[in-house]
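K.L.:
this one's sequence-less:
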């Protein structure tokens, strides 16, 4: 009888140990899950920062003027490039800053002047053209429409409405597939332009070619 009681006592002790282990494991799993959720929240805030209403409008305008007539993927790709730049140290920190960015470059300028030159005392003076090259500073927009006299946006334009919808969806972290596809894209140009960039091509969509 005493032996049976000892066996039962050992069994109860083992059960208690197992229960305690399971409880500890459950607590650890809860802590692990909470940590993962927290890290995921922080990661999402870093990769998908909250945009102001002004930034969203700047994003929509860039999509509209750069890709208003492009297919949806083309519009989204332009939007992702804009957001990528805002998250890259070499560019302005805000979407509006990225969209409005201008670089000052020095370019040659040929100036032609006409002088009246008299070759001898008998013949009358003749006009002679003189060409001089000077170097001037010029502002170059990262997105060309900012340096152009673009038409005013009409609120009922379907292209503008779609550009706004895409901008808002991107601001909410949408289009995950396209975000992944164009995750490293920072540049694009129209197909008919040949800048000779030595960059890795990401994709061609609509009338644009995108690069890392």
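P.N.:
Looks like it came in fine. Here the structure is a predicted model, which means the values were calculated and not measured.
K.L.:
where do the helices sit along the chain?
P.N.:
2-47, 53-67, 72-86, 95-99, 158-171, 176-181 (DSSP state H).
K.L.:
where among those helices is the average confidence lowest?
P.N.:
Mean pLDDT per stretch puts helix 2-47 lowest among those, at a mean of 49.
K.L.:
buried ones in stretch 76-93?
P.N.:
76-86, 91 (16 or more other Cβ atoms under 10 Å). In this view, the C-beta of every residue, glycine as well, is placed from N, C-alpha and C.
K.L.:
Switch those residues over to JSON lines; also include distance to residue 185.
P.N.:
As requested, those are exported to JSON lines (distance: Cβ to Cβ, whole Å):
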{"residue": "76", "distance to residue 185": "11"}
{"residue": "77", "distance to residue 185": "7"}
{"residue": "78", "distance to residue 185": "10"}
{"residue": "79", "distance to residue 185": "11"}
{"residue": "80", "distance to residue 185": "6"}
{"residue": "81", "distance to residue 185": "5"}
{"residue": "82", "distance to residue 185": "10"}
{"residue": "83", "distance to residue 185": "10"}
{"residue": "84", "distance to residue 185": "6"}
{"residue": "85", "distance to residue 185": "10"}
{"residue": "86", "distance to residue 185": "13"}
{"residue": "91", "distance to residue 185": "13"}
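K.L.:
Return the member of these nearest to residue 182.
P.N.:
Relative to residue 182, the closest of these is residue 80; by Cβ to Cβ it sits at 4.4 Å.
K.L.:
okay but the closest one is in contact with residue 179, surely?
P.N.:
Yes - contact criterion Cβ atoms under 8 Å: residue 80 and residue 179 qualify, at 5.8 Å.
K.L.:
so what's residue 187 bridging to?
P.N.:
residue 211 (DSSP bridges).
K.L.:
Please report the distance of it from residue 81.
P.N.:
Separation of residue 187 from residue 81 (Cβ to Cβ, to the nearest Å) stands at 7 Å.
K.L.:
Need the residues touching each of these two.
P.N.:
Common contacts of residue 187 and residue 81, defined by Cβ atoms under 8 Å, 6 or more residues apart in numbering, comprise residue 210.
K.L.:
Name all residues that make contact with residue 126.
P.N.:
Contacts of residue 126 (Cβ under 8 Å, 6+ apart): 116-119.
K.L.:
try residue 115
P.N.:
Here residue 115 is in contact with 127-128, 130 (Cβ under 8 Å, 6+ apart).
K.L.:
The same query, at a cut-off of 10 Å, please.
P.N.:
125-130 (Cβ atoms under 10 Å, 6 or more residues apart in numbering).
K.L.:
Repeat that for residue 168.
P.N.:
51, 53, 56, 59-60, 174.
K.L.:
for residue 145, same thing?
P.N.:
61-62, 64-66, 68, 99.
K.L.:
And those residues, which is closest to residue 193?
P.N.:
After measuring these against residue 193 - Cβ to Cβ - the closest member comes out as residue 66, at 12.9 Å.
K.L.:
thought that closest one was touching residue 99?
P.N.:
Yes - Residue 66 is in contact with residue 99 according to Cβ atoms under 10 Å; the separation is 9.5 Å.
K.L.:
anything in contact with each of those two?
P.N.:
Common neighbours of residue 66 and residue 99 (Cβ under 10 Å, 6+ apart) are 82, 143, 145.
K.L.:
Against residue 170, how distant is the first one?
P.N.:
Between residue 82 and residue 170 the computed distance is 9 Å (Cβ to Cβ).
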